[in-house]
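**Q** structure for this input, please:
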Amino acid sequence: MEDLELIAFKIISSVGSARSAYIEAIGKAKAGDLSGAEKLIEEGNKLFIDGHGAHLKLLEGEANGDKVLSLLIIHAEDQLMSAEGFKTIATEFIEAYKRIEALEKKVK
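**A** Residues are numbered from 1 along each chain as shown. Modelled structure (predicted):
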């Protein structure tokens, strides 16, 4: 069970940090720092991949017959999905802010 808990906390920690990077990226884009926003997306993606890799270990264990279901694992998966959603939202916002910036340059 200890290994299972460590994997769950790895997922929660990694994807929580990824989600924070994605949210911060939206703020950077809103402030006009598109380069900073893209760097935060890249940072978030690396963190998300770490969490996703830990999740994959759980799936492999399940496929091999290990019992992996627990409230902690459910929470970890919830956090994983939340981070993935924020990634999608953040990348869409950044693209929108890029378009706004380009249009503002044309108007000036």
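
**Q** so V68, which state does it fall into?
**A** Under the three-state scheme (DSSP: H, G, I helix; E, B strand; the rest coil), V68 adopts coil.

**Q** ranges for the helices of this structure?
**A** For the chain, helices defined by DSSP state H occupy the ranges 2-30, 34-63, 71-107.

**Q** make a markdown table from the ones you listed and add mean pLDDT to it.
**A** Formatted as a markdown table, these follow (pLDDT from 0 to 100):
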| stretch | mean pLDDT |
| --- | --- |
| helix 2-30 | 94 |
| helix 34-63 | 94 |
| helix 71-107 | 95 |
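
**Q** right, so these: which one is the most enclosed?
**A** Stretch with highest mean neighbour count among these: helix 2-30 (a mean of 19; mean count of other C-beta atoms under 10 Å). The C-beta positions use only the backbone N, C-alpha and C, and glycine is treated the same way.

**Q** other SSEs contacting it?
**A** Applying 3 or more C-beta pairs under 8 Å, 6 or more residues apart in numbering; DSSP states H and E, we find helix 2-30 packed against helix 34-63, helix 71-107.

**Q** list the contacts of the nearest residue to H55 once chain neighbours are set aside.
**A** Nearest non-adjacent residue to H55, counting by C-beta to C-beta, 6 or more residues apart in numbering: I11, 5.4 Å away. I11 is in contact with G51, A54, H55, A76, E77, Q79, L80, counting by C-beta atoms under 8 Å, 6 or more residues apart in numbering.

**Q** I11 and L80, how far apart?
**A** Distance of I11 to L80, given as C-beta to C-beta, to the nearest Å: 6 Å.

**Q** what is in contact with those two at once?
**A** G51, H55.

**Q** how close does I23 sit to G44?
**A** Separation of I23 from G44 (C-beta to C-beta): 9 Å.

**Q** mutual contacts of these two, please.
**A** Both I23 and G44 are in contact with A90, where contact means C-beta under 8 Å, 6+ apart.

**Q** against E101, how distant is the most far-flung residue of the chain relative to its centre?
**A** In the chain, counting by C-alpha atoms, centre = their mean, K108 sits farthest out from the average C-alpha position, at 35.9 Å. For K108, the distance to E101 equals 11 Å [C-beta to C-beta].
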